[in-house]
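S.K.: Dropping a prediction and its sequence here:
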Amino acid sequence: MNLEIFNGVMIFIVGLIFGSFYNVVGYRLPNNMSIVFPASHCTNCKHKLKFYELIPVISYIFLGGKCKVCKERISIFYPFFELLTGILFLLSYLKFGLTLEFLIAITFISVLIIISISDVKYFIIPDEVLIVGTLLIIVELIANVVVNNISVFNGLVMPILNGLGAFAILYLFKALGDLIFKTESLGGGDIKLLFFIGLVLGFDMSIVTIFIASFIALPLSIVSLIKNNNNILPFGPYLSVAATIIMLTGLNLNMILNFFTK
Ligand SMILES: [Zn+2]
């Protein structure tokens, strides 16, 4: 078998397994539950899952989306995020090959997936995930400086300044929003998330991330307002979708400026 296809298949499978772990982290961390104990179980009847009930996506299909013991429905979110992680790992490999950039891409995407799971379920973006993710990215940036002989300023100081700049911009947005709407307009987690996005994508593209995320969230926010009579929407997943699109397409400011000035 062609090596590239073999690598792609392996990375996809690793992504499925990681995705299964991210489900556990995203669901348990905001509840202050250990991510190791207890072992995976049915949340309804506490039945401890056997190894063949823990195979990403496949178990869900073979169990018909139900607990084997009590027949309680298992959320479609689990296989969805497993499959999503597998696909995004594969796309990262196809874009970057086996490089440091690939490692940065999958670290970035992994953090975005975990916080999206938490934000959708609990409206919480866990600090722990952002802290661990930031530390991993900084280690990878240092490796990049060493391996590719980049200056410390360009390879490490600039990304951190970019993160701080993105954080500051969204902080101002929030202060302004709170003033206008006389209510909490954005969560603190969203602002901290912008530091992480700025660190990896750069200052300009983190601003583009906010625009794309708002563009996707606005129509859904209106639907939610009409259906549920509230416009509380977790913004983290929209920022995550926008940031992932930018990471995997390599969209940059020059491309956008060229598009609008042609
Ligand atoms: Zn059960």
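M.R.: Ah, there it is.

S.K.: my guess is D204 contacts L251, does it?
M.R.: No. With contact defined as C-beta atoms under 8 Å, D204 does not count as touching L251 (10.7 Å). Placement of C-beta: from N, CA and C, glycine included.

S.K.: which residues are in contact with both of those two?
M.R.: Residues touching both D204 and L251 by C-beta atoms under 8 Å, 6 or more residues apart in numbering: none at all.

S.K.: separation between the residue nearest the centre of the chain and S92?
M.R.: Centroid-nearest residue in the chain, with C-alpha atoms, centre = their mean: L112, separated by 1.2 Å. Distance, L112 to S92, by C-beta to C-beta, to the nearest Å: 12 Å.

S.K.: Around the ion, which positions in this protein sit nearby?
M.R.: 42, 44-45, 47, 67, 69-70, 72 (C-beta under 5 Å from the ion).

S.K.: Report all helices and strands that the one helix or strand D119 maps to contacts.
M.R.: Assigned by DSSP states H and E, D119 belongs to helix 100-122. The contact analysis (3 or more C-beta pairs under 8 Å, 6 or more residues apart in numbering; DSSP states H and E) places helix 100-122 against helix 3-28, helix 77-96, helix 127-147, helix 188-201, helix 236-249.

S.K.: Give me the helices and strands touching the fourth one, please.
M.R.: Using 3+ C-beta pairs under 8 Å, 6+ apart as the contact criterion, the secondary-structure elements in contact with helix 188-201 are helix 100-122, helix 127-147, helix 158-181, helix 203-228, helix 236-249.

S.K.: Kindly present those helices as CSV, with separate columns for mean pLDDT and distance to I87.
M.R.: Below are the helices and strands packed on helix 188-201 laid out as CSV (pLDDT from 0 to 100; distance: least, C-beta to C-beta, whole Å):
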stretch, mean pLDDT, distance to I87
helix 100-122, 96, 10
helix 127-147, 96, 20
helix 158-181, 91, 27
helix 203-228, 86, 19
helix 236-249, 96, 10
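
S.K.: quick one: which of those helices is nearest I61?
M.R.: helix 100-122 (20.4 Å; C-beta to C-beta).

S.K.: got a list of what the residue of the stretch 101-250 of the chain found nearest the ion touches?
M.R.: Nearest residue of the stretch 101-250 of the chain to the ion, counting by C-beta to the ion: K121, 18.8 Å away. By C-beta under 8 Å, 6+ apart, the contact set of K121 is 26-27, 30, 77.

S.K.: And those residues, which of them are buried?
M.R.: Neighbour counting with 16 or more other C-beta atoms under 10 Å marks 26-27, 30 as buried within these.

S.K.: Closest to the ion out of the residues you listed?
M.R.: Y27 (15.6 Å).

S.K.: quick one: contacts for the closest one?
M.R.: Residues near Y27 by C-beta under 8 Å, 6+ apart: 117-118, 121.

S.K.: can you tell me which of those residues lies nearest to F259?
M.R.: Distances from F259 to the contacts of Y27, taken by C-beta to C-beta, are shortest for I117, at 33.2 Å.

S.K.: isn't the closest one right up against F21?
M.R.: No. Counting by C-beta under 8 Å, I117 does not reach F21; the two are 11.1 Å apart.

S.K.: Between the two, point out the one with more neighbours.
M.R.: I117 (28 against 15; other C-beta atoms under 10 Å).
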